[in-house]
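Undergrad: Fold the following for me, if possible:
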Amino acid sequence: MARDDGVNRSRPSSAIKDPATSARSARKWLGEVCHSTLSRRFLAALVISLTLGSLTFLALFVGVYRDRLIHEHARASAQLNGLVETALKNAMLKRDLAGLSQIISELGDQPDIAGVQIANVFGEVRFASEPSMIGTTLEKDALAGGRDRDTIRTAYLSGANGREVVRTINHVRNRPACEGCHGAVADNPVNGILVVDYAADHIRRDALRSTLALALAGGLVMTCGVSALGIILFRSVLRPVRTLTDLTKRYTDGDLSPRFEGRGEDELSTLGTRFNTMASRLDGTLAAIRANESFLQSLLDAVPDGIRVIGDDYTVLKANRAYCEQLGIPPGDATGVKCHVASHAADEPCSATLVTCPLVELRGEANRRIKCPHRHVRRDGTSIDVEVTAVRATLTHEGRARDCVIEAIRDLSEKTRISQEHRLSEIGQLATGIAHEIHNPLSSIQLALGAIREDLTAPQDRSPAQPYLEIVDREIDRCLEITGQLLRLSESSDANLTLVDVGRTARDISGLLRYDAERIGVTVHIQADAMARVIATESDIGILVMNLTQNALHAMPQGGSLDLRVTRTGGSVSLSVRDTGAGIAAENMRRIFWPFWSKRADGYHGTGLGLAMCRGITERLGGTIEVTSEPGRGACFTITLPAAE
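TA: Numbers count the residues shown, from 1 in each chain. Predicted structure coming up:
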């Protein structure tokens, strides 16, 4: 019984595999071997070579064995022929012909003797173990050599009755004692021919039996050899090769984690070890490549303009996030498509006579750079005007060098927006500087004007200029208010922030504006959650509530409803002001936060600084401001700030 690989070499009877399990294992092993192309070739070559070798060996063995048997039987027949010749000589010297016939007849009755014949020099049979042979003539081969033959000749042939025999032919030489009957020795050197046929049919039977036994033994040896070689082939070659094949397939599919676990120091184990080393290095190389690709993609995505790389066959090979956002497509759909399909929704490349195509313009020119306007079509069917800057470069893609065109695509509408924001920022900075320079002189003028008014308050000093001074004072107040708003618009975050209850501030401000609301017929509804608190200044929150509420009242000159809500949701506080007034036209939505832009529904022209101040304060406090509107049905402004908690 085979031993386990473990320390305990004795196994309980339950651990011994039953015959059915062993048979299944054998069938499984045989199926794996037979389904392997390499094993089929190896076993076929092994069986054919062993079969041919065995057949050749059998053919040589049978021939040699048969010749050996014939030789042994011929030697025995020659010895018998010599004995018969001696008996013949004694009988003839005694002239006992009857005794000679008796001897020949008894020899013919022996089981191994097929027949005995004595013929004269002319081949005529004079004595024979078979009476029917007397008087017949021997074949020519018995007479060959005639009187000059001195040795016994042996041949393997078929007898008269079809039996296979070993025939010995002996020319009996004349002796001086025989000269009385046969004449002088010199004249008649041969007295007769002695032919003895030794039965040889058992030679073929023995040879066949030996051949069959040898064939069975050879078949058994060949089966055992083929089985042993098959097992060795499966365990030492096929199984490792199959494992390596499976690993190669998994590596091809992109999974580089598995490793070859073969043991030993043979060639396949060494190959597996080197295979593992190759896989580890390949995994490291691919990781480095992926890291480089991720770095390159991150670098491209950081560029605000759209970037794409186009191959010489018009296929987009690489693109960044800005390019996908420009066309409104997901990143996975940006590459692998034709450039004219992606950006122009055209089935064929752009006509070089109608559109400046960078691939056509830069063909054959490595260092030239072009800039041209294009109109790209987005995924939703809308179009955008862009400015394309292109240059040709030779890049390696998927293992081969390709002539490519790199395009930097700038959205002209985005460029216009950035330019407008920059212009507004500069205007705001300019207005803040002017307000700062004007605010202080106006304050001084107002103080001086107040002193003059106090001097003119006595009845005896009542001057006709007094009403005009009041008008000047009122207008100075208005100018100071405007310059103060401008200064608050650009002021930085206050270091002395405090805890502000937004709901309480909203109720206080709405109370101040209740008279104006009732005057124009506006109903005010206030709803404020408790603990809706933020970290800010009272003035900042007051400005937010005041400006949004005043804008809502200005949008309802004929009356309406104003809904002011302060809600706490999660980690944020929302201030929402909704009115049922005139609303905001779609073309004005992008202008409402511009400084000095104003369009009131009550016909008055405001300063245009209220919403700009609201946005500035909201951004300083880390919040967002959103607006929704439907012309004719009102607007809703929502400011969301981080909660104090």
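
Undergrad: Need the three-state assignment for residue 396.
TA: Put simply, residue 396 is strand when judged by DSSP: H, G, I helix; E, B strand; the rest coil.

Undergrad: Okay, the spatially closest residue to residue 47 that is not a sequence neighbour and residue 586: tell me how far apart.
TA: Residue nearest to residue 47 in three dimensions, not counting chain neighbours: residue 226, with 6.3 Å by Cβ to Cβ, 6 or more residues apart in numbering. The way it works is simple: take the backbone N, C-alpha and C, and place the C-beta from them, glycine included. Noted for residue 226: a distance of 89 Å to residue 586, by Cβ to Cβ, to the nearest Å.

Undergrad: Which one's more surrounded, these two?
TA: Comparing residue 226 with residue 586 by other Cβ atoms under 10 Å, the one with more neighbours is residue 226, at 16 against 10.

Undergrad: Wasn't the more buried one part of a helix?
TA: Yes: using three-state DSSP, the secondary structure at residue 226 is a helix.

Undergrad: For it, report the pLDDT, please.
TA: Residue 226 is assigned a pLDDT of 72 by the prediction.

Undergrad: Would you confirm that it contacts residue 49?
TA: No: in this structure residue 226 lies outside contact range of residue 49 using Cβ atoms under 8 Å: 10.5 Å.

Undergrad: what are the phi and psi values for the spatially most central residue of the chain?
TA: The chain has residue 253 as the residue nearest its centroid, 2.4 Å off, counting by Cα atoms, centre = their mean. Residue 253 adopts backbone torsions of phi -80, psi 0, taken as degrees, to the nearest 10.

Undergrad: Helices of the stretch 151-300 of the chain, start to end?
TA: Using DSSP state H, counting those that start in this stretch, the helices of the stretch 151-300 of the chain run over residues 179-182, 201-233, 239-252, 267-301.

Undergrad: could these go into TSV alongside distance to residue 616?
TA: As requested, the helices of the stretch 151-300 of the chain are exported to TSV (distance: least, Cβ to Cβ, whole Å):
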stretch	distance to residue 616
helix 179-182	159
helix 201-233	84
helix 239-252	59
helix 267-301	30
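
Undergrad: Compare these and give me the one nearest residue 442.
TA: Ranking the helices of the stretch 151-300 of the chain by their distance to residue 442 (criterion: Cβ to Cβ) puts helix 267-301 first, at 50.8 Å.

Undergrad: same for whatever helix or strand comes next after the closest one, what does it pack against?
TA: Sequence order places strand 306-310 as the next helix or strand after helix 267-301, per DSSP states H and E. The contact analysis (3 or more Cβ pairs under 8 Å, 6 or more residues apart in numbering; DSSP states H and E) places strand 306-310 against strand 316-319, helix 321-327, strand 400-411.

Undergrad: Using a markdown table, lay out these together with distance to residue 500.
TA: What follows is the helices and strands packed on strand 306-310, written out as a markdown table (distance: least, Cβ to Cβ, whole Å):
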| stretch | distance to residue 500 |
| --- | --- |
| strand 316-319 | 47 |
| helix 321-327 | 38 |
| strand 400-411 | 40 |
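
Undergrad: Looking at the ones you listed, which is nearest to residue 575?
TA: Closest among the helices and strands packed on strand 306-310, using Cβ to Cβ: helix 321-327, at 31.0 Å.

Undergrad: next helix or strand past the closest one?
TA: Next along from helix 321-327, by DSSP H and E: helix 339-344.

Undergrad: which other residues reach that following helix?
TA: Residues from elsewhere that reach helix 339-344, judged by Cβ atoms under 8 Å, 6 or more residues apart in numbering: 308, 310, 314-316, 327, 329, 334, 346-350, 355, 359, 374, 376-377.

Undergrad: Where does residue 354 sit: helix, strand or coil?
TA: Per three-state DSSP, residue 354 ends up coil.

Undergrad: and the gap between it and residue 405?
TA: 18 Å.

Undergrad: do residue 548 as well
TA: Distance of residue 548 to residue 405, computed by Cβ to Cβ: 51 Å.

Undergrad: Same check on residue 388?
TA: Residue 388 sits 10 Å away from residue 405, going by Cβ to Cβ.

Undergrad: Look up the residues that both of the two are in contact with.
TA: Listed as contacting both residue 388 and residue 405 by Cβ under 8 Å, 6+ apart are residue 358.

Undergrad: host element of residue 46?
TA: Residue 46 is located in helix 37-93, with elements delineated by DSSP H and E.

Undergrad: just checking, next helix/strand downstream of that helix?
TA: helix 97-108.

Undergrad: Now that next one: buried residues?
TA: 100, 101, 103, 104, 107, 108 (16 or more other Cβ atoms under 10 Å).

Undergrad: Next SSE downstream of that helix?
TA: The first helix or strand that comes after helix 97-108 along the chain, using DSSP H and E, is strand 113-119.

Undergrad: Could you measure from the spatially closest residue to residue 129 that is not a sequence neighbour over to residue 195?
TA: Closest residue in space to residue 129, ignoring its immediate chain neighbours: residue 108 at 2.4 Å, by Cβ to Cβ, 6+ apart. According to Cβ to Cβ, residue 108 stands 12 Å off from residue 195.

Undergrad: Overlap in contacts, these two.
TA: Here residue 108 and residue 195 have 115, 116 as joint contacts, going by Cβ under 8 Å, 6+ apart.

Undergrad: now the residue nearest to residue 47: how far from residue 610?
TA: If you measure residue 226 against residue 610 using Cβ to Cβ, the figure is 99 Å.

Undergrad: What pLDDT does the model give residue 32?
TA: What the model reports as pLDDT for residue 32 is 53.
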